[in-house]
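[1] Here is the input, now give the coordinates:
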Amino acid sequence: MKIVKHITLLLIVLTSSMASAQVKFEAKLSKQKLGVNERLRIDFVMNKDGDNFNPPDFANFNVVGGPNTSVSNSWLNGQHSYNKTYSYFLAPTKKGKLKINEASIEIEGVVYKTKAVTVNVTNAVKRPNDPYNVDGVAAENIHLVAEVSKSNPYLNEAITVVYKLYVSANTGVSNWREVDNPRYNDFWSQKIDTKGYRIQNGKYKGQDYRYVVLRKTVLYPQKTGKLEIEPLTLDITVEVPTKRRDIFGGRHMAQTNRTVSAGSRTINVKPLPDEGKPENFTGAVGDFKFNVITSKSELNASESLQARVEVTGKGNLNLFQLPKLTVPSSLEVYEPEHNENIRTRLDGMYGSISDSYTIIPQYKGKYPIPSLSFSYFDLETETYKTVSSGEIVIDVIEGPVNNSASDDNIAESDSNKKEVTLNNAQFAFIKTKANLKPTKQENFFKSAEFWSSLLLPLLAIPLALVYRKKKEERNADVFGNKIRKADKLARRYLGEAKKSLGHKEAFYIALEKALHNYLKAKLHIETSDFSKEKIEAILIERQVNDITVKEFISILEHCELARYTPITNVEMQQDYDKAASTISIIDKEIR
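    Presented below is the predicted three-dimensional model:
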């Protein structure tokens with residue numbers, strides 16, 4: 001009887017220990033039902049640490065926050081419990097039963113997946129009329145405005161759209177993300193670089209506000225009639241005051257996410273007038289100068305000269321065609337090389353466009369290049385203007401004379417013809433040695449190739465045995481394989497970070513994973529043991545310079561913060577270069 005009790009107790013202990021060692025990885029929702037104007041939090045929770053976490057694609061949702069990572073370790077009655085959570089904040093894009101697919105993570109070499117979950121999204125929920133209601137205050141104090149320079153331009157006349165974000169004095173903005181970008185259908189568009197965000201003071205509907213200029217775009221309408229400028233939509237993290245106060249009497253700030261849109265704008269594009277329109281008009285609108293310039297006016301036959309047809313000024317420079325150059329048939333002319341030197345500023349395009357022709361005369365004489373004319377629509381006077389270049393005469397001083405009556409040159413005839421002198425190098429060199437090869441081939445049997453193909457497989461057997469032994473030794477080295485795998489992952493994620501430059505969240509996630517895997521490979525520590533203090537202590541113990549250690553820790557801290565603050569492409573490139581450089585320095589210094 002006592003033996004049975006001991007066996008039962010042993011089974012209970014084994015079962016409980018197996019249950020405690022079981023890996024759990026699941027998705028938890030903050031609510032099963034929400035309005036289309038509300039936010040949802042989803043947590044991916046695991047009871048053991050892992051690598052290579054891959055979230056779902058979040059179809060039908062906008063990610064407005066996250067991933068936020070939290071780790072907890074606790075001991076209760078001698079039992080250790082561990083939890084790690086990845087949290088995301090989501091905004092639904094439509095109503096209905098929306099599915100969130102599974103996430104995956106690798107724990108101790110095994111890939112685990114969560115179950116897919118479903119959320120019921122209903123109509124918009126009415127928020128209470130509370131002066132300290134976070135969502136209500138955010139809606140009243142954040143505004144996105146699109147300012148259009150002109151609502152009734154001519155066809156191909158430049159207009160400017162400036163997007164401004166207005167924020168009231170008692171409200172703050174910590175981050176924003178573009179949800180919908182305008183596509184500018186029926187417009188030629190050019191984005192103007194804003195070079196950082198400068199906070200300015202201004203008025204919105206008569207009230208004092210602060211604002212930043214988010215984007216400037218120059219548009220040239222390509223169709224007449226009513227054209228729509230699509231809206232710019234942002235998801236903004238807003239900080240608003242609450243009822244709570246700190247010990248100094250200041251109000252606590254709460255964060256919420258607010259989606260704002262500049263709204264669509266309609267402009268009425270006027271057609272260019274038909275009255276007085278020249279036949280050679282090709283669509284140029286603006287203020288221009290026109291020239292035809294030749295590199296030389298005197299030369300010998302078979303020499304070349306350059307003729308440049310050029311338009312300079314302000315307007316739609318790359319949206320019309322230059323007039324074509326015509327020359328006499330005795331002048332050989334090649335296809336022109338098109339050149340553009342254009343700068344786009346807030347009020348439109350400036351610069352020049354040109355076609356460069358290479359011309360080679362064949363005969364002696366004087367050849368006129370007929371005058372070219374260029375027409376454009378002047379916006380100041382609202383009339384058409386035509387500019388002519390004037391005739392240019394090319395004087396060919398030396399060369400054979402063309403007596404053909406059909407040629408359209410104005411050269412004087414010359415009866416003294418010169419005898420054509422033959423050149424001794426008119427024919428290519430003829431080879432005297434053919435280097436021919438016999439068509440009859442040697443037999444393969446008993447040849448060098450025959451013996452090589454027979455003996456090489458026998459020689460490969462000991463090499464295969466050595467390779468197999470080395471592979472078994474390598475596979476048995478669990479610790480070394482783990483280090484090599486981490487080092488490989490570090491290189492892979494650093495490569496992924498480089499590919500993700502320009503995409504802030506993906507870039508900093510990949511960069512952070514690369515740094516963590518590098519530490520696992522170099523310091524031989526697990527992810528669950530990561531802390532800035534421990535990393536700093538181990539690096540200093542391994543004789544890494546203090547400045548290098550601080551630089552590495554600052555990169556880790558910046559990866560955590562950068563995902564939630566506005567970052568430019570230049571700053572991302574600087575962070576990547578700094579991480580790669582610091583890793584290289586640690587490799588040289590570590591002992």
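
[2] Relative to Asn156, how far out is the residue nearest the centre of the chain?
    Closest residue to the average C-alpha location of the chain: Gly502 at 4.5 Å, with Cα atoms, centre = their mean. Gly502 is 32 Å from Asn156, where distance means Cβ to Cβ, to the nearest Å. Yep, even glycine has a C-beta here, placed from its N, CA and C like the rest.

[3] again with Glu472
    From Glu472 to Asn156 the distance is 74 Å (Cβ to Cβ).

[4] Which of the two has more residues huddled nearby?
    Neighbour tally, Glu472 and Asn156, criterion other Cβ atoms under 10 Å: the higher count belongs to Asn156, 21 against 10.

[5] I'd like the secondary structure assignment at that one, please.
    When classified by DSSP: H, G, I helix; E, B strand; the rest coil, Asn156 comes out as coil.

[6] Name the SS class of Lys195, please.
    On the three-state scheme (three-state DSSP), Lys195 is labelled coil.

[7] how many other residues sit next to it?
    With other Cβ under 10 Å as criterion, Lys195 counts 7.

[8] and it, what does it touch?
    Contact criterion Cβ atoms under 8 Å, 6 or more residues apart in numbering gives no residues in contact with Lys195.

[9] Over to it: give its phi and psi.
    Its backbone dihedrals place Lys195 at phi 50, psi 60, with angles given as degrees, to the nearest 10.

[10] mind checking how far it is from Ser447?
    Relative to Ser447, and taking Cβ to Cβ, Lys195 is found at 73 Å.

[11] where exactly do the helices run in the protein?
    All helices of the chain, identified by DSSP state H, fall at 2-21, 134-141, 448-476, 478-499, 504-523, 532-541, 546-562, 569-589.

[12] Pick the most buried one from those helices.
    Stretch with highest mean neighbour count among these: helix 504-523 (a mean of 21; mean count of other Cβ atoms under 10 Å).

[13] Which other helices and strands does that helix contact?
    Here helix 504-523 touches helix 478-499, helix 532-541, helix 546-562, helix 569-589, going by 3 or more Cβ pairs under 8 Å, 6 or more residues apart in numbering; DSSP states H and E.

[14] Now do that helix and helix 532-541, the angle between them.
    If you take axes from the mean of the first three to the mean of the last three Cα atoms, to 10 degrees, helix 504-523 sits at 50 degrees to helix 532-541.

[15] what's the burial count for Leu98?
    Leu98 has 19 nearby residues by other Cβ under 10 Å.

[16] which residues touch Pro231?
    By Cβ under 8 Å, 6+ apart, the residues touching Pro231 are Ala146, Asp180, Pro182, Ser261, Ala262, Gly263, Ser264.

[17] and what of Thr266?
    By Cβ under 8 Å, 6+ apart, the residues touching Thr266 are Lys226, Leu227, Glu228, Ile229.

[18] List the beta-bridge partners for it.
    Thr266 has these beta-bridge partners by DSSP bridges: Glu228.

[19] for the stretch 401-550 of the chain, what are the low-confidence residue spans?
    Segments of the stretch 401-550 of the chain classed as low confidence (criterion: pLDDT under 70) are 403-442, 444-445, 474-493, 525-530.

[20] Can you give the contact residues for stretch 332-348?
    Applying Cβ under 8 Å, 6+ apart, the contact partners of stretch 332-348 are 158, 160, 190, 192, 216, 218, 286, 309, 314-318, 325, 327, 349-362.

[21] Quick check: end-to-end length of that stretch?
    One end of stretch 332-348 to the other measures 38 Å (Cα to Cα, to the nearest Å).

[22] need the strands for the stretch 301-450 of the chain, in chain order.
    305-315, 331-333, 337-345, 348-361, 365-369, 373-378, 383-388, 392-396 (DSSP state E, counting those that start in this stretch).

[23] Could you point out which of those strands sits nearest Ala91?
    Proximity to Ala91 (Cβ to Cβ) singles out strand 337-345 among those, at 34.7 Å.

[24] on that earlier part again, just flag the most distant two among the contacts of Pro231.
    The widest separation within those (Cβ to Cβ) is 12.6 Å, between Ala146 and Asp180.

[25] Quickly list what's touching both of these two.
    Taking Cβ under 8 Å, 6+ apart as the contact rule, Ala146 and Asp180 both touch Pro231, Leu232.

[26] still on that earlier bit, could I get the strands of the stretch 301-450 of the chain as CSV with mean pLDDT and mean neighbour count?
    CSV is the format used below for these (pLDDT from 0 to 100; neighbours: other Cβ atoms under 10 Å):
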stretch, mean pLDDT, mean neighbour count
strand 305-315, 95, 19
strand 331-333, 89, 17
strand 337-345, 92, 12
strand 348-361, 93, 19
strand 365-369, 90, 19
strand 373-378, 95, 21
strand 383-388, 94, 14
strand 392-396, 91, 18
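
[27] And for the closest residue in space to Asp208 that isn't next to it in sequence, the neighbour number?
    Computed as Cβ to Cβ, 6 or more residues apart in numbering, the closest residue to Asp208 that is not its neighbour in sequence is Ala169, at 6.7 Å. Neighbour count for Ala169, taken as other Cβ under 10 Å: 11.

[28] any idea how far Ala169 is from Gly202?
    12 Å.

[29] hey, what's in contact with both of those two?
    The contact lists of Ala169 and Gly202 share Tyr209, Arg210, where a contact means Cβ under 8 Å, 6+ apart.

[30] Let me know which of the strands of the stretch 301-450 of the chain is the nearest to Glu275.
    The closest of these to Glu275 is strand 383-388. By Cβ to Cβ, the value is 8.8 Å.

[31] Show me what the closest one is packed against.
    Packed against strand 383-388 by the contact rule (3+ Cβ pairs under 8 Å, 6+ apart) you find strand 286-294, strand 373-378.

[32] The longest one pairs with which strands, parallel or anti?
    Based on DSSP bridges, the strands next to strand 286-294 in the sheet, each with its direction, are strand 305-315 (antiparallel).

[33] Test my guess that Lys270 contacts Lys150.
    No - in this structure Lys270 lies outside contact range of Lys150 using Cβ atoms under 8 Å: 10.6 Å.

[34] Contact partners for the residue nearest to the centre of the chain?
    Going by Cβ under 8 Å, 6+ apart, Gly502 touches Asn569, Met572.

[35] what are the phi and psi angles of it?
    Residue torsions, per degrees, to the nearest 10, at Gly502 are phi 100, psi -20.
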